[in-house]
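*Asks:* My questions concern the predicted model and sequence given below.
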Amino acid sequence: MSCFTRAANASQYLNRVYGITVPQENISMLVASKLLPAFEDKDGPIVAKSDLNRLATFFTLTSNKDSFFKRKKSLLSQETIISIKTDNGTEFEFLDLESLEPVAFAALKNIFINIDSLDIERREGSSITLRILDSITITTPSQKLVEYVLDIDNNASILMSAKSSHFANTAYYMGSKKVLSPYLCEAIAGNFSQKITILDLMCGSGAASAGFSRFWQTFASDAQGFCTTLAEVQGGGFTVQEANSLVVQLSEAARMHTERLILSVGEFVQLEEEIFHSHDYTLGIERYRSFIDRFPTYPSRECINGWEPFSWVNSRKENLTKAPYCLFTAYFANVYFSLRQCVEIDSIRYAIDQIKDHNHKRWALGALIAAISNIGTTYGGHFAQPPASPSSKITENTFFKIIEKRSFSVMHEFSARLLSLASESESTPNQITPIPGPWSQAIEQFSNLKYTGDVIVYIDPPYTRDEYSRYYHILETLIKYDYPSSTGKGRIPSKKNGERFSSSFFTRSKPKMESEIIKILDAVLSNRLSLAWSYSSSADAHVPRIVDQLAKKHNIETYMYAAPYTHKAQGGRKAKRVTEYLIILKHK
């Protein structure tokens with residue numbers, strides 16, 4: 001039997017199961033407002049029966065034909081205000097969809113689900129009116145409801161004011177859950193106890209982990225090492241005092257390393273500086289094109305003034321700790337960074353390897369990941385395709401953009417981000433503990449941990465077949481620092497040789513993608529862990545079909561949340577408006 005029913009049949013379902021009469025237009029309004037999550041199907045939208053069951057009391061308290069209504073904000077406004085009144089005298093008013101933050105949808109749904117226990121205790125005297133999340137107005141005589149919604153508003157404020165994701169903001173094409181973080185936390189908090197241990201299984205840019213760590217013990221895992229590093233430095237466990245001391249230590253070690261590397265590429269660095277500071281831009285463009293074409297990068301065997309990238313790289317493949325480090329200088333100079341920036345990156349990376357304290361080393365690496373992601377000259381925010389390759393593509397317009405980016409100091413950017421992350425870490429109560437991927441290994445390790453309270457795996461799998469290891473190979477190379485092969489314009493490590501991660505989601509077959517998702521979700525549930533699964537209306541897999549298949553094997557409860565969201569697009573394309581879902585699966 002399916003866990004879902006047609007939205008058009010929801011009113012009949014409620015009447016048959018609970019004996020209540022709910023106007024179908026009320027159902028339709030909740031579906032349109034994303035408060036009753038619906039999934040598109042060829043025969044019309046479908047909704048989860050569990051959602052109808054949990055909202056049964058709410059529907060009973062709002063069965064009056066005047067309980068739901070819409071009105072224009074003003075005669076001239078295009079915005080619509082939705083008003084919902086309960087029989088107990090509580091009224092909710094909120095703008096329809098477009099003006100609401102994602103967290104508002106999870107908050108309203110949790111309030112409606114718990115309305116029977118919240119909307120009962122009367123205040124002495126008149127009702128109170130309050131506004132939460134800058135978008136929802138609630139008028140109620142219930143003191144208990146007031147306390148509940150103020151707690152929601154406070155938790156959302158904590159996450160919205162957090163800066164760690166801002167300073168660690170990277171890997172845009174992977175998608176950032178910073179805006180969605182309050183929505184995820186509210187949805188999860190509404191279905192579990194206060195004591196939660198959570199694993200962010202495919203942590204990506206780490207924004208979800210950062211939000212979870214504000215309230216719960218948090219673990220982060222990913223198949224790519226740079227992701228877990230980036231997640232880790234968005235949690236607690238680091239101080240500004242430690243960061244200041246580390247900046248001083250790293251600056252000195254990096255300076256000494258730069259002096260060694262400059263002995264071989266100093267002439268080129270000086271020429272690059274002259275070009276960047278030239279006031280004759282027409283001549284500057286020609287000189288820069290010539291400069292790029294002349295400077296040899298791996299795997300070129302050319303040798304100029306003692307700089308021979310092929311032999312330098314090969315000797316370091318045999319001994320990864322050989323100094324001076326030169327990976328970025330040899331591979332990525334004039335591709336994603338300026339030559340001087342590459343010298344700085346190699347020097348900072350060398351300095352980080354000299355750190356004895358493992359925790360300090362991880363934080364320094366995380367700050368460097370964030371720094372180079374921000375200053376890199378990229379196309380669409382990723383590193384799969386250089387924006388000006390070959391050099392003939394450098395026009396006057398691109399030249400100005402390139403030199404602006406490539407004039408930034410890596411050390412300055414790195415230091416600023418390390419200090420900012422440390423400042424944010426001091427106000428974050430929980431550390432984020434990394435668990436190595438891949439997902440099967442992480443689930444097994446996490447399931448063996450012994451914790452009281454609810455233990456949850458959060459998963460945000462790829463929505464499409466895009467191969468993220470290709471888009472962010474530079475960040476992973478920065479962590480491994482293993483002098484890999486260099487293929488194509490993007491200087492990408494070879495997947496064929498096993499030098500970069502290959503995802504099972506990289507397939508043109510939607511059934512195969514669904515099969516992979518089911519395999520992961522089944523592994524979580526088979527280990528008796530609860531599950532919170534993020535997915536999107538634009539994604540390739542069909543959520544109801546997957547949930548129904550899992551329900552045949554596992555005795556689970558299903559809770560659905562939905563919110564409108566704008567996905568950032570790749571390569572300058574228009575942003576896409578989608579519905580972002582959170583599907584919670586719990587063992588009964």
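*Replies:* Yep, that arrived. Numbers count the residues shown, from 1 in each chain.

*Asks:* helix or strand right after the biggest helix by length in the chain?
*Replies:* Counting residues, the longest helix found in the chain (DSSP state H) is helix 240-276. Counting by DSSP states H and E, the element after helix 240-276 in chain order, helix or strand, is helix 281-294.

*Asks:* Wait, a strand at residue 550?
*Replies:* No: under DSSP: H, G, I helix; E, B strand; the rest coil, residue 550 falls outside any strand and is assigned helix.

*Asks:* Not counting residues beside it along the chain, what's closest to it?
*Replies:* Counting by CB to CB, 6 or more residues apart in numbering, residue 550 lies nearest to residue 521, which is 5.9 Å off, once chain neighbours are set aside. No exception for glycine: its C-beta is placed from N, CA and C like everyone else's.

*Asks:* isn't there a helix covering that neighbour?
*Replies:* Yes: assessed with three-state DSSP, residue 521 lies in a helix.

*Asks:* residues touching it, list them.
*Replies:* By CB atoms under 8 Å, 6 or more residues apart in numbering, residue 521 lies in contact with 459, 531, 533, 546, 550, 585.

*Asks:* Return the distance of the closest residue to residue 140 other than its chain neighbours relative to residue 99.
*Replies:* In this structure, residue 140 finds its nearest non-sequential neighbour in residue 90, 4.0 Å apart by CB to CB, 6+ apart. As judged by CB to CB, to the nearest Å, residue 90 and residue 99 stand 22 Å apart.

*Asks:* tell me the mean pLDDT for stretch 495-515?
*Replies:* Averaged across stretch 495-515, pLDDT comes to 74.

*Asks:* Weed out the non-buried ones from the contacts of residue 521.
*Replies:* Buried by 16 or more other CB atoms under 10 Å: 459, 531, 533, 546, 550, 585, out of those.

*Asks:* I'd say the second one and residue 525 touch.
*Replies:* Yes: in terms of CB atoms under 8 Å, residue 531 counts as a neighbour of residue 525; the distance is 6.3 Å.

*Asks:* Show me how the protein divides into domains.
*Replies:* Using automatic domain parsing, the domains assigned to the chain come out as 162-236+428-461+507-587, 240-420.

*Asks:* Give me the angle between the longest helix of the chain and helix 281-294.
*Replies:* Here the directions of helix 240-276 and helix 281-294 differ by 110 degrees (axes from the mean of the first three to the mean of the last three CA atoms, to 10 degrees).

*Asks:* quick one, what contacts residue 36?
*Replies:* 7, 10, 27, 30, 47, 51, 52, 55.

*Asks:* Likewise for residue 360?
*Replies:* By CB under 8 Å, 6+ apart, the contact list for residue 360 reads 242, 246.

*Asks:* Can you classify it as helix, strand or coil?
*Replies:* helix.

*Asks:* For residue 90 and residue 99, work out which one has more neighbours and name it.
*Replies:* residue 90 (21 against 14; other CB atoms under 10 Å).

*Asks:* Could you check the pLDDT of the more buried one?
*Replies:* 92.

*Asks:* In CSV, list the C-alpha atoms belonging to stretch 370-377.
*Replies:* Taking Å, rounded to 0.1, in the frame of the first residue of the first chain, the C-alpha atoms of stretch 370-377 are listed here in CSV:
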residue,chain,number,x,y,z
ALA,A,370,37.9,29.1,1.7
ALA,A,371,40.6,31.7,0.7
ILE,A,372,41.6,30.2,-2.6
SER,A,373,38.0,29.4,-3.5
ASN,A,374,37.1,33.0,-3.1
ILE,A,375,40.1,34.5,-5.0
GLY,A,376,40.3,32.0,-7.8
THR,A,377,39.6,33.2,-11.3
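
*Asks:* outside of it, which residues touch it?
*Replies:* 167-171, 230, 233, 336-337, 341, 345, 383, 386-388, 401-402, 405-406, 408, 410, 413-414, 417, 421, 474-475, 478.

*Asks:* can you check stretch 535-554 too?
*Replies:* 2-4, 39-41, 46, 48, 461, 463-465, 510, 513-514, 517-518, 521-522, 525-526, 556, 558, 565, 567, 576, 578-581, 583, 585, 587.

*Asks:* May I see the buried residues of it?
*Replies:* 535-537, 539-541, 543-544, 546-547, 550-551, 554.

*Asks:* End to end on that stretch, go ahead and measure it.
*Replies:* Using CA to CA, to the nearest Å, one end of stretch 535-554 lies 20 Å from the other.

*Asks:* ditto for stretch 36-49
*Replies:* 11 Å.

*Asks:* centre of the chain versus that stretch, how much separation?
*Replies:* Here stretch 36-49 is found 26 Å from its chain centre; the criterion is CA atoms, centre = their mean, to the nearest Å.

*Asks:* got it, and stretch 332-347?
*Replies:* That offset, for stretch 332-347, works out to 27 Å (CA atoms, centre = their mean).

*Asks:* Now the common contact residues for residue 531 and residue 525.
*Replies:* Common neighbours of residue 531 and residue 525, using CB under 8 Å, 6+ apart, are residue 585.

*Asks:* In ChimeraX, how would I select the buried members of the contacts of stretch 535-554?
*Replies:* Here is the ChimeraX command that selects only those of the contacts of stretch 535-554 that count as buried (16+ other CB under 10 Å):
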select :3,4,39,46,48,461,463,513,514,517,518,521,522,525,556,558,565,578,579,580,581,583,585
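
*Asks:* Out of the contacts of stretch 535-554, which sit inside helices?
*Replies:* Of the contacts of stretch 535-554, the ones assigned to helices by DSSP H are 510, 513, 514, 517, 518, 521, 522, 525, 526.

*Asks:* and of the residues you listed, the nearest to residue 495?
*Replies:* residue 513 (18.5 Å; CB to CB).

*Asks:* if I look at the closest one, how far off is residue 461?
*Replies:* In terms of CB to CB, residue 513 sits 9 Å off from residue 461.

*Asks:* repeat for residue 156
*Replies:* Taking CB to CB as the measure, residue 156 falls 25 Å from residue 461.
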